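1. Build me a model:
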Amino acid sequence: MTSVLMSGVVALDPFARDSAAEGAVLRAAGPVVPVELPGGVRAWAVTRHAAARALLTDQRLVKDVRQWAAYQRGEIPRDWPLIGVAVPGPSMVTADGEEHRRLRALVAQAFTPRRVELMRPQVEQLTARLLDELAAGEPLVDLKSAFAFPLPMTVIGTLLGVDPADHGYLRELYERFFRSVPDPAGIHSIIAALNAFVDDLVRQRRAAPGDDLTSALLAADLDGSELSDAEAAATLRVMIAAGHETTVNLITNAVRALLRHPDQLALARSGEVGWSAVVEESLRWTPPTSNFLFRYATEEIRVGEALVPVGDPVLISYNAIGRDPLQHGVTAELFDITRDPIRHLSFGHGPHVCPGSPLARLEAQVALPALFERFPELSLAVPDDQLRPAASIVLNSLQGLPVRLY
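-> Numbers count the residues shown, from 1 in each chain. You can find the predicted model right below:
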């Protein structure tokens, strides 16, 4: 479990057994606090909304792993379970400035609100099909596996030209990739499998371009140059992961929150409060990403009493930030879809704000009302306290969401 070491460092729980309590401990320790990640890796966590908003646009914090002093000194074990998350390769996630803008440009263009809205009919049709399949099956089902996962994975897979037969394989790899505890096969075998998959996808589209976003990325002229194969592969890894994991967790966590708060569900189902408010409150209260790794200090940075040294890594703790009472008031710990206005940072802020957030919002805004309309008696199949979180300090996810449909 989360604990405070004698040095004043907060040790994050690798099994993520109580993310809300961990967020409260972090907030109580200050706006920027020293933390120990699984495996003994030290970092700083940003725990308050105002501090995060400021630091996410602070040019003294960069994404370049070459600025991580402990990593460059060889002090981070190469088999650290989160090495792939912290050092993911040359993509828009790891770049800053002009290089970041170059790598992000095409991805951002693909997910503008206008283009995403054009995808609504496809999302609605896919949602209806998945609900039909649920209705034709048994009343007890893992809603995460049967609904929350296939919806965004099919959408992002179709966009990128990923064969539907590979969706389950990718789900397994990414769930293992984000775990905070050692995998029996070793993290590098998982990274190698993901690299092999996207490298093969790049080779296929180089040889035979199709009508998909992968082909468009490879063919694009970005300021007089194309994406290299390495850049394209790293970008695809990011897009596949962010394109499904965020929405899987958003839908799963929102359903859980609504079932735990029937009064809030009633407000949404009656139309008194819009489903977009449900989505935003879910993003705030149980953000899909618990902690985002890393940015690195290129200068000493003082925040309150904390002094982040040059070369230290900084993570953004969305678990802590989402319930910050200085931003959301004395009711910050409550799930309240009538909260107005809902201002959160769960998709980030500044240059690195998630470009896929319009699509994630659309998918959740379509999926949630359709689900509860089709299954008005939907309920948890086990007591809420028996639901098991995924062992990840990065993703705010459940291992499964067993429900009774009717």
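2. Residue 144 and residue 278: what is the separation?
-> When C-beta to C-beta, to the nearest Å is the yardstick, residue 144 and residue 278 sit 18 Å from each other. No exception for glycine: its C-beta is placed from N, CA and C like everyone else's.
3. Also residue 111?
-> Counting by C-beta to C-beta, the separation of residue 111 from residue 278 is 21 Å.
4. again with residue 402
-> Counting by C-beta to C-beta, the separation of residue 402 from residue 278 is 21 Å.
5. What is the helix or strand residue 21 falls within packed up against?
-> Per DSSP states H and E: residue 21 is located in helix 19-29. Using 3 or more C-beta pairs under 8 Å, 6 or more residues apart in numbering; DSSP states H and E as the contact definition, the elements that helix 19-29 packs against are strand 10-11, helix 318-322.
6. Of these, flag the one that's most buried.
-> Mean neighbour counts were compared across the helices and strands packed on helix 19-29 using mean count of other C-beta atoms under 10 Å; the top stretch is helix 318-322, at a mean of 28.
7. helices or strands up against it?
-> The criterion is 3+ C-beta pairs under 8 Å, 6+ apart, and the helices and strands that helix 318-322 contacts are helix 19-29, helix 275-285, strand 291-297.
8. got a list of contacts for that helix?
-> Identification of contacts with helix 318-322 by C-beta atoms under 8 Å, 6 or more residues apart in numbering yields 19-20, 22-24, 26-27, 45-49, 52, 283-287, 289-292, 327-328, 344-346, 396.
9. what is the rounded mean pLDDT of that helix?
-> For helix 318-322, the mean pLDDT works out to 97.
10. Centre of the chain to that helix, how far?
-> For helix 318-322, the gap between its own C-alpha mean and the chain's C-alpha mean amounts to 13 Å (C-alpha atoms, centre = their mean, to the nearest Å).
11. Give me the contact list for whichever helix or strand residue 130 is part of.
-> Residue 130 belongs to helix 120-135 when elements are defined using DSSP H and E. Under the contact criterion C-beta under 8 Å, 6+ apart, helix 120-135 has outside partners 141, 146-147, 150-151, 154-155, 158, 362-363, 366-367, 370-371, 374-375, 405.
12. What of stretch 291-304?
-> Taking C-beta under 8 Å, 6+ apart as the rule, stretch 291-304 contacts 12, 30-32, 43, 45-46, 51, 55, 58, 60-65, 67-68, 82, 85-86, 307-319, 348, 393-394.
13. do stretch 191-209 as well
-> For stretch 191-209, using C-beta under 8 Å, 6+ apart, the contacting residues are 83-84, 160-162, 166, 169-170, 173-174, 177, 212, 214-215, 218-219, 229, 232-233, 236-237, 240.
14. again with stretch 169-187
-> Around stretch 169-187, the neighbours that count as contacts under C-beta under 8 Å, 6+ apart are 12, 14-16, 37-38, 79-85, 149, 153, 162, 189-191, 193-194, 197, 240-241, 244-245, 390-395.
15. What of stretch 9-21?
-> Applying C-beta under 8 Å, 6+ apart, the set of residues contacting stretch 9-21 is 1-5, 22, 25-26, 29, 33-38, 42, 45, 180-181, 286, 290-291, 319, 323, 333, 389-393, 396.
16. Phi and psi next, for residue 41.
-> Torsion angles at residue 41 (phi, psi; degrees, to the nearest 10) stand at phi -80, psi 130.
17. in terms of contact, does it touch residue 80 like I think?
-> Yes: under the criterion of C-beta atoms under 8 Å, residue 41 is in contact with residue 80, at a separation of 6.4 Å.
18. List the single closest residue to residue 166 in space, sequence neighbours excluded.
-> The spatial neighbour of residue 166 that comes closest, neighbours along the chain excluded (C-beta to C-beta, 6 or more residues apart in numbering), is residue 197 at 7.3 Å.
19. what do you get for residue 212?
-> For residue 212, ignoring the flanking residues on the chain, the nearest one in space by C-beta to C-beta, 6+ apart is residue 161 at 3.3 Å.
20. Tell me who's in contact with that neighbour.
-> 201, 205, 210, 212-215.
21. can I assume residue 57 sits in a helix?
-> No: in this structure, residue 57 is coil, not part of a helix, as judged by DSSP: H, G, I helix; E, B strand; the rest coil.
22. Tell me how many other residues crowd the residue nearest to it when sequence neighbours are not counted.
-> Nearest in space to residue 57, with sequence neighbours left out and distances taken as C-beta to C-beta, 6+ apart, is residue 350 at 4.0 Å. Here the count is done by other C-beta atoms under 10 Å, and residue 350 has 13 residues near it.
23. Ok, residue 302 next?
-> For residue 302, which is what you asked about, the neighbour count (other C-beta under 10 Å) is 9.
24. Does it fall in a helix, a strand, or a coil region?
-> With three-state DSSP as the criterion, residue 302 reads strand.
25. And residue 269, by the same measure?
-> Put simply, residue 269 is helix when judged by three-state DSSP.
26. Give me the neighbour count for residue 245.
-> 26.
27. Let me see the contact set for it.
-> For residue 245, the residues meeting the contact criterion (C-beta under 8 Å, 6+ apart) are 174, 178, 288, 395, 397.
28. what's the farthest-apart pair in those?
-> Taking C-beta to C-beta as the measure, the contacts of residue 245 span a maximum distance of 13.2 Å, between 174 and 288.
29. Looking at those two, which one has more neighbours?
-> For the pair residue 174 and residue 288, the greater number of neighbours falls to residue 288 (26 against 20), based on other C-beta under 10 Å.
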